[in-house]
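In: Give me a model of this one.
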Amino acid sequence: MDTHVIHQNRIRQIFFLIIIVLLGLLLFFELYFFLPAVLGAVTLYILMRRWMLFLTIKKKWKNSLAAALLIVLSLIIILFPIGVLVKMLSSKISFALEHSNELIAALKKIAADLEQRFEIEIVSEENINKLGTFIADGLPKILSATFNTLGTIFFMYFILYFMLVNGRKMENDLYEHIPLKDENVEKLGKEVKIMVVSNAVGIPVIAILQGVVALIGYWIIGVKEPWFWFVVTCITAMLPVVGAALAYVPLAIIFFADNETGRGIFMLIYGFGVIGTVDNIFRFTLAKKIGNVHPLVTVFGVIIGLSLFGFIGLIFGPLLISLFLLLLKIYSSEFITKQRQIHHHHLEN
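Out: A predicted model of the protein is given here:
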């Protein structure tokens, strides 16, 4: 009788879990567009949690008022630079297109000189023209992606407000429903906080510092529109593998094409020798101090994140890999270690 009841309960449980999983998958695929906004809201919630507790518990503010204040402050800190970036990119899009033509002309000239000197064909003119078309088509897409990011930010703050207002209840519910030991739940929370701070703060700060170092070089060398190239350097510095080289290598090519060989060589030396080195120094020192995230996790995480979530994937790609590695450790602590202890206990008996 008891066995029959147990089997019935197990069947009901499995059936119920299947329904939950199917509904969860349906909701996930239908709301996938909002996933970057949700991830962004989670990031900001973790960054603001300390201040939210300070205002509501120590200062006795209402949840809604404290949430509104933090959102307004973060809007100023986050949206002001983004607004400046959008304005700069919008006003400079024709300048960028003009420079893309300069870059193609420079490549043609350098290729022609090398082909004439060594009597070999390096690259056909058709391929170079295709590269120019690719650059010209890609710049408006980048601008369009920036406006899509603004839409994501709107939904992100909409979600964030309710997370901040109901934060303590949300945390208690998560704490109760996560099927792990209490110490592992606390470990998971601490590690996620460290990883979010490391990626959300570390990656943009390192990119800006690298952009400042590049800007100094642009002024010394005499680059036209140094502030535009500063913005390009900051954006490309957050990209994996090639990074800021996407900014200073085209500049060097343009110098070479204008017969300014000295400036071109100096640009390459300063780019690879100073800007690239500074990137590694900042990444190993600052990022390690903030969250001790391995550089390989950052590189592969950014590659994965960009393809999954777009621009916000710069932050959440490394977070996903770090979270995966953390869950493996917790699984080992939660189940494998426990099973080994039981096995040894049986052997001793």
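In: remind me which residues of the stretch 101-250 of the chain are low pLDDT?
Out: 101-150, 179-180, 240-241 (pLDDT under 70).
In: quick one, helices of it?
Out: Using DSSP state H, counting those that start in this stretch, the helices assigned to the stretch 101-250 of the chain run over residues 125-165, 167-177, 182-221, 226-237, 245-257.
In: and those as JSON lines, adding distance to residue 28 and mean neighbour count?
Out: Where C-beta positions appear, they are placed from N, C-alpha and C, glycine not excepted. Formatted as JSON lines, these follow (distance: least, Cβ to Cβ, whole Å; neighbours: other Cβ atoms under 10 Å):
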{"stretch": "helix 125-165", "distance to residue 28": "15", "mean neighbour count": "15"}
{"stretch": "helix 167-177", "distance to residue 28": "18", "mean neighbour count": "12"}
{"stretch": "helix 182-221", "distance to residue 28": "20", "mean neighbour count": "18"}
{"stretch": "helix 226-237", "distance to residue 28": "30", "mean neighbour count": "21"}
{"stretch": "helix 245-257", "distance to residue 28": "34", "mean neighbour count": "21"}
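In: got a list of what residue 63 touches?
Out: 56, 164-167 (Cβ atoms under 8 Å, 6 or more residues apart in numbering).
In: any idea which of these is the one closest to residue 77?
Out: Residue 77 lies nearest to residue 164 out of the contacts of residue 63, by Cβ to Cβ, at 15.8 Å.
In: got a list of contacts for stretch 153-162?
Out: 34, 36-38, 40-41, 44-45, 67-68, 71, 75, 78-79, 82.
In: Tell me which of these fall in strands.
Out: Among the contacts of stretch 153-162, none falls in strands (DSSP state E).
In: Filter those residues down to the buried ones and hand me the PyMOL line.
Out: Here is the PyMOL selection string for the buried members of these, based on 16 or more other Cβ atoms under 10 Å:
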select buried, resi 36+37+38+40+41+44+45+67+71+78
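In: farthest pair in the contacts of stretch 153-162?
Out: 36 and 68 (23.1 Å).
In: I'd like to know how far residue 261 sits from residue 267.
Out: 11 Å (Cβ to Cβ, to the nearest Å).
In: With residue 28 instead?
Out: For residue 28, the distance to residue 267 - Cβ to Cβ - is 47 Å.
In: Who has more neighbours out of these two?
Out: residue 267 (25 against 10; other Cβ atoms under 10 Å).
In: For that one, pull up the helix or strand it's in.
Out: helix 261-270 (DSSP states H and E).
In: Report the angle between that helix and helix 245-257.
Out: Put simply, helix 261-270 runs at 160 degrees to helix 245-257, going by axes from the mean of the first three to the mean of the last three Cα atoms, to 10 degrees.
In: Name the residues of helix 261-270 that are buried.
Out: 263-264, 266-268, 270.
In: go on, stretch 54-70?
Out: For stretch 54-70, using 16+ other Cβ under 10 Å, the buried residues are 55-56, 61, 63, 66-67, 70.
In: can you tell me the average pLDDT over that stretch?
Out: Stretch 54-70 carries an average pLDDT of 91.
In: can I get the CA coordinates of it in CSV?
Out: In CSV, the C-alpha atoms belonging to stretch 54-70 read as follows (Å, rounded to 0.1, in the frame of the first residue of the first chain):
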residue,chain,number,x,y,z
PHE,A,54,22.0,51.1,3.7
LEU,A,55,19.1,53.5,2.6
THR,A,56,16.2,51.2,3.7
ILE,A,57,17.6,49.7,6.9
LYS,A,58,20.0,52.4,8.4
LYS,A,59,18.4,55.5,6.9
LYS,A,60,14.8,54.1,7.1
TRP,A,61,13.9,55.2,3.6
LYS,A,62,10.9,53.7,1.8
ASN,A,63,11.9,51.0,-0.7
SER,A,64,10.3,52.8,-3.6
LEU,A,65,12.1,56.1,-2.8
ALA,A,66,15.5,54.4,-2.3
ALA,A,67,15.1,52.4,-5.6
ALA,A,68,14.2,55.6,-7.5
LEU,A,69,17.2,57.5,-6.2
LEU,A,70,19.6,54.7,-7.0
